[in-house]
Structures are given as C-alpha cells and as structure tokens.
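> sequence plus predicted model, see below.
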Amino acid sequence: MSTTELLGKVAAQYLKDRLSEDESGGTARYLLDCLTAEQAAAVAHAIVADAILDPLIEIKLPQHFVERFGLPVETLTTERTTFFRNAACGKSALLLANTGDDEEQSLKELIPIGAPQLLSHPELWVDAAVVGLPLLDTHKTWWKQALKGLVEARPISLESYSEYVAATRESISTQGQPMRCALGYALPSLRLPRDTNYFNALNDKTSGHVSRWKKLYSDAFKKRACYLVKQTPTQNLLDEDTLQDALDKVQDNIPVDCQSQVKRFINAPSGWNEAAADLAECEWEAVRSLFDGLKRDKFNLGKATLDFYDELDPELLTDEERDYLDRLIKRKTTEPDDEDEQFYGDHRLELKDRPSLKARWDRFIYGAPIETEDAPLVGI
C-alpha cells in the first residue's frame, strides 16, 4: 500500500464516519484543506472506489490541480471553488478542494478535511494499515497509542505521518517485525535514525500508555534528529572537519556496511538531504559513535546486572524488575529513560557491592565524567 493510497483510504473513512453522524438532511460541503494535488486525487480515487461513498458524495476538484491523476471527468471542474459554496447538489455531500490563499477567506464556512482532522484519528490510520496483517488486537492498540504519542510529541506533517504508518506496515508485512520493533525500524520516515530496538524500552503494560510513547518520540527528536542535519542538540553546527576527525577515531567501530553512508554524509552539505536520508537507514547504535566520539563496547549492562543479582541474591529483584532488565538487554541503548533512572535509584546501594558495575550504571545514567584541571590556588 503506497503512502497516498493509505491517506486516501483514511480520508474516505473519515468522510464515511462524518456522514453517518450527520442528521441534518441537507448537503454537507467538505473542503480538502491544504492537501497536495496527489493527496487530493488519492482521496477522490478512494471515494469513487467505495460502493457506499460514491453514490453519496459529489466530487468537484479543480481540473488544473488534479487532471494528471486519472480521475473520472465528472469529478473535475473548471469553476473556482467558491462557485460551489451555495451551488445545488442532489447528493448527501459535496467534496471540494482549497488550492490557494486567494479563496481561503471565502471558504471558511465549509467543513475542512486536512492534517488537523486526519491526524486526530489514529484509529483510522491503523484500521486502514492493518488490512491483511496478522496483528493481535493488543498490538493494534499499541500502534494507535504510539501514533497519539507521536502527534503529542511534535508537530508533524501529514506527508511524514502517512509515510511513517506505511513504512511501519511494510516492516511488519515484509520483514515480520513485531509491533514495537516495526515502529523503531520505520523511524527514518520521520527523519530520525533507525533504531529497531528503541521502543523495546516499553513492556506490554507501558505500551498502552500514550505518555510513554510521547516521551520516547520527544527524546528521539531532541537528541537524535539534529545530528542528521549536522547539528548538536544545542544547535551547534557540525562541520566536515569535525565529523572527519570523529570518524578517524571511531571508524573501526562502525560496521562495514554503514561506512559508505557515513562518508557520503560527512562530505554532503548540512540539512536534510539524500545523504542524511541514507544515513538514517543505518541502525543508530551502529553509527552514533560518529557523533559522541565514544567507541561502543560489547559490555551489556542489563545482562551484567542480572548476573550480579543471580550471584548476590535473586530475591532482591521483583518479577517486574527482571522483566525490565530483560528489555534493557534487548534495547542495546546508551541513552537512559525514566525507567532506567527508577531502577538505578532503587538499587544503587546494592550495586556498590560491585564497584565496576556501579561505575557502569553511573556512566549510563549520568554520562561520561568530564575531566577538569583545578586552577592553582593563589594568595595563600
């Protein structure tokens, strides 16, 4: 299913739901608001192909706007959109399109269908995307909650949102990715680095909480998206020389199949471009050492902690904490979240029994220590 096809199905279902709620008896007049020509045409195609909607909705889209998309001639018009504000219509609804600011003021009384309306109904997107997928109802719920969290985390374009949902579906259908992994694998659609294990920070319970998804998406946009446009989280620019120096230090740590993307990225201009998009397709943990200057080691904090407690006293961990550590093992991340900090706070005294492990936890939670030289004392 293509991105525009998906959007068309979602908008068609949105219209179907609105018409089923409309008891006015008159003609409802809807306006495709600020959609691209391709998106507007996809909505029209979805309506024409729907046996329920086609007899109910009359479509009149500007011919110059969508004529190249193969719509039936009766759906096209050479009249301005304002002509249809009060034009007679024998069907339950009339669908128009806003293609320019010059008519916007005159079309305010029409019912808009645009990004705000469609993005507020994640259930429509998931219901359209899951067709043909063997997903459990629980996983569909997680998907809907994730999309709510995404919209709450950051303003997002309808195009990016559509691409993300379509890419998540593709990851499930062609690669067999489980739900949380599919959402991490599809992150490049949002101009974020791919991280298949990113959402494994959630368990089956917390995957139902919008706030947890929102936090993870917010962190990804704040702490990772900036690097793909050659900026630090504090908006300092990363120039070619700086990145090349970093690569010289960590090149052996970057997988061979990602090195060509890294080199193209370093030589490319700043901003989102083809080289940045290619780098986003690499797993984040494989390339992040380019940006933090630290080599990733093979030490697994979650496994080492489980081993420590198995030796010390297995009863010191609850079942929930063991589940957390199992997920920490799979995440393979170096960025702590609230659950990591909670575990550390609850067990920091016990971890002191193994100073090397405690030091690892300190570095994970607080970051690498910054070495300074004390200024010499004067006047003493």
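Received it, and whenever you're ready, just let me know what you need. Numbers count the residues shown, from 1 in each chain.
> which SSE is immediately downstream of the one helix or strand Tyr324 maps to?
Element membership for Tyr324, per DSSP states H and E: helix 319-331. The helix or strand immediately downstream of helix 319-331 is helix 338-351, counting by DSSP H and E.
> helices or strands next to the helix holding Tyr324 in the packing?
Packing partners of helix 319-331 (3 or more C-beta pairs under 8 Å, 6 or more residues apart in numbering; DSSP states H and E): helix 301-312, helix 338-351. All C-beta spots, glycine's among them, are computed from the backbone N, C-alpha and C.
> and of those, who's closest to Asn273?
helix 338-351 (33.9 Å; C-beta to C-beta).
> quick one: distance of that closest one to the chain centre.
With C-alpha atoms, centre = their mean, to the nearest Å as the basis, helix 338-351 stands 29 Å off its chain's centre.
> report the distance from the following helix or strand past it to the chain centre.
Helices and strands here follow DSSP H and E; after helix 338-351, the next one along the chain is helix 355-366. Distance, stretch centre to chain centre, for helix 355-366: 31 Å (C-alpha atoms, centre = their mean).
> check stretch 159-170 too.
Distance of stretch 159-170 from the chain centroid (C-alpha atoms, centre = their mean) equals 8 Å.
> in that stretch, what's buried?
Within stretch 159-170, the residues scored as buried using 16 or more other C-beta atoms under 10 Å are 159, 161-170.
> which residues does that stretch contact?
1-4, 6-7, 36, 39, 115, 119, 125-126, 129-130, 133, 143, 147, 150-151, 182-183, 185-191 (C-beta atoms under 8 Å, 6 or more residues apart in numbering).
> re earlier: kindly reformat the buried residues of stretch 159-170 as JSON lines containing secondary structure, distance to Asp257 and pLDDT.
Shown next, in JSON lines, are the buried residues of stretch 159-170 (DSSP: H, G, I helix; E, B strand; the rest coil; distance: C-beta to C-beta, whole Å; pLDDT from 0 to 100):
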{"residue": "Glu159", "secondary structure": "helix", "distance to Asp257": "29", "pLDDT": "96"}
{"residue": "Tyr161", "secondary structure": "helix", "distance to Asp257": "30", "pLDDT": "98"}
{"residue": "Ser162", "secondary structure": "helix", "distance to Asp257": "29", "pLDDT": "97"}
{"residue": "Glu163", "secondary structure": "helix", "distance to Asp257": "24", "pLDDT": "98"}
{"residue": "Tyr164", "secondary structure": "helix", "distance to Asp257": "24", "pLDDT": "98"}
{"residue": "Val165", "secondary structure": "helix", "distance to Asp257": "27", "pLDDT": "98"}
{"residue": "Ala166", "secondary structure": "helix", "distance to Asp257": "25", "pLDDT": "97"}
{"residue": "Ala167", "secondary structure": "helix", "distance to Asp257": "20", "pLDDT": "98"}
{"residue": "Thr168", "secondary structure": "helix", "distance to Asp257": "23", "pLDDT": "98"}
{"residue": "Arg169", "secondary structure": "helix", "distance to Asp257": "25", "pLDDT": "97"}
{"residue": "Glu170", "secondary structure": "helix", "distance to Asp257": "20", "pLDDT": "96"}
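> just to revisit the earlier point, what subset of the contacts of stretch 159-170 is buried?
Applying 16+ other C-beta under 10 Å to these flags 1, 3-4, 6-7, 36, 39, 115, 119, 125-126, 129-130, 143, 147, 150-151, 182-183, 185-191 as buried.
> re earlier: if you look at the contacts of stretch 159-170, which of them are in helices?
Those of the contacts of stretch 159-170 mapping onto helices are 3-4, 6-7, 39, 115, 119, 125-126, 129, 143, 147, 150-151, 182-183, 185, per DSSP state H.
> just the buried residues of stretch 159-170 now: which is nearest Ile47?
Of all the buried residues of stretch 159-170, Ile47 sits closest to Ser162, with 17.3 Å by C-beta to C-beta.
> what are the buried residues along the least confident helix or strand in the chain by mean pLDDT?
Ranking every helix and strand in the chain by mean pLDDT, DSSP states H and E puts helix 289-292 at the bottom, with a mean of 88. Neighbour-count burial for helix 289-292 flags 289-291 (criterion: 16+ other C-beta under 10 Å).
> same deal with stretch 84-99?
Buried residues in stretch 84-99 (16+ other C-beta under 10 Å): 84-85, 89, 92-99.
> hmm, who's touching that stretch?
Taking C-beta under 8 Å, 6+ apart as the rule, stretch 84-99 contacts 15, 19, 22, 27-35, 40, 43-44, 47, 55-62, 65-66, 77, 81, 104, 106-107, 109-110, 112.
> of those, buried ones?
The buried subset of these - by 16+ other C-beta under 10 Å - is 15, 19, 27-35, 40, 43-44, 47, 57-62, 65-66, 77, 81, 107, 110.
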